[in-house]
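Novice: Just to be clear, the model below is a prediction. Sequence and coordinates:
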Amino acid sequence: GAVVSQHPSRVICKSGTSVKIECRSLDFQATTMFWYRQFPKQSLMLMATSNEGSKATYEQGVEKDKFLINHASLTLSTLTVTSAHPEDSSFYICSARTSGGYQETQYFGPGTRLLVL
Amino acid sequence: SQQGEEDPQALSIQEGENATMNCSYKTSINNLQWYRQNSGRGLVHLILIRSNEREKHSGRLRVTLDTSKKSSSLLITASRAADTASYFCATDGGAQKLVFGQGTRLTINP
C-alpha cells in the first residue's frame, strides 16, 4: 500500500520558535495533501488542504499566517508552525491522496507530536 | 466542523466477542470510510463503502451503510487484543475533504 512519512515524529521547542514538519509520499505522487490536528482523546480536525504548486486552502478558524503550508513537489508538503505557543501543542497528522486512478482513499502519515514549552 | 457522531465513545469487551460501533452523519456523502488509530500513532485505512453500497466485508470487518438514516456501523468479529485502538468514521462529501467522527475507543480484554 501507499506509504506516507512524517518528520520529525516528535519535537519539543520553546515558546516563540518556529517548527517545520515534513510530510512525504514515499511511493506515489500526491497532488493533494491534507494537514490535520488532533488533541488528546479527540478526533482529527482538518486544518488545510494543500495542492501541489498552489496556495493551500485553510479551514475556517485556522490562521494561515501561523500555519504556513508549502507543497513544492508531488511528494512533499511542509507545515511550519510559526511563533509556536503552548496552546499549539498537539498531534499533527498529514495525509496524501493519489493523483491517478480512484482518488477516494487518503493515506495517513504516522503523525508528529509537538510540545511547546 | 465534525459531522460524524460515533457511539459508543468507549467500548470494552472480552477477547473473542464481537464489537459494534456506530457512526451518524448529517449531510449527503459520496462515501464513508473507517479508520483505526493506535494510541499516539497515525491512521490506518480499514474499509471504504460508497453511497450506493449497503454492506461491505473485509476479513473480520463488516461495514453497513444506511443513507436514509445517515448512519453506518462497523462490526469486528472474533475480536483480538490487537484490535484495541480508536476507530473513526470519516465522510467524503465530494470536496476532497474527509470529515471525521469523534471516534470510539475500543478495548479488548484478554
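Specialist: Yep, it's here.
Novice: Looking at stretch B:11-24 now, give me its mean pLDDT.
Specialist: Average pLDDT, stretch B:11-24: 96.
Novice: Stretch B:86-93 too?
Specialist: The average pLDDT within stretch B:86-93 is 90.
Novice: Off-centre distance for that stretch?
Specialist: From the chain centre to the centre of stretch B:86-93 is a distance of 6 Å (C-alpha atoms, centre = their mean, to the nearest Å).
Novice: Which positions in that stretch come out as buried?
Specialist: By neighbour count on 16 or more other C-beta atoms under 10 Å in any protein chain shown, the buried set for stretch B:86-93 is B:Ser86, B:Tyr87, B:Phe88, B:Cys89, B:Ala90, B:Thr91, B:Asp92. For every residue, glycine as well, the C-beta is placed using N, CA and C.
Novice: Now intersect the residues you listed with the helices, please.
Specialist: Among the buried residues of stretch B:86-93, no member is found in helices (DSSP state H).
Novice: So which elements touch the helix or strand bottoming out on mean pLDDT in chain A?
Specialist: Lowest by mean pLDDT, DSSP states H and E among the helices and strands of chain A is strand A:106-108, with a mean of 88. The helices and strands touching strand A:106-108, judged by 3 or more C-beta pairs under 8 Å, 6 or more residues apart in numbering or on different chains; DSSP states H and E, are strand A:90-98, strand B:43-50.
Novice: Out of those, indicate the one that is most buried.
Specialist: For the helices and strands packed on strand A:106-108, the largest average neighbour count (mean count of other C-beta atoms under 10 Å in any protein chain shown) is found in strand A:90-98, namely a mean of 24.
Novice: residue ranges of the helices in the chain, please?
Specialist: Because you didn't say which chain, this covers chain A. Assigned by DSSP H, chain A shows no helices.
Novice: Chain B versus the residue positioned nearest the centre of it, what's the distance?
Specialist: For chain A, the residue nearest the mean C-alpha position is A:Trp35 (3.5 Å; C-alpha atoms, centre = their mean). Look at A:Trp35 and chain B: by C-beta to the nearest C-beta, to the nearest Å, they are 12 Å apart.
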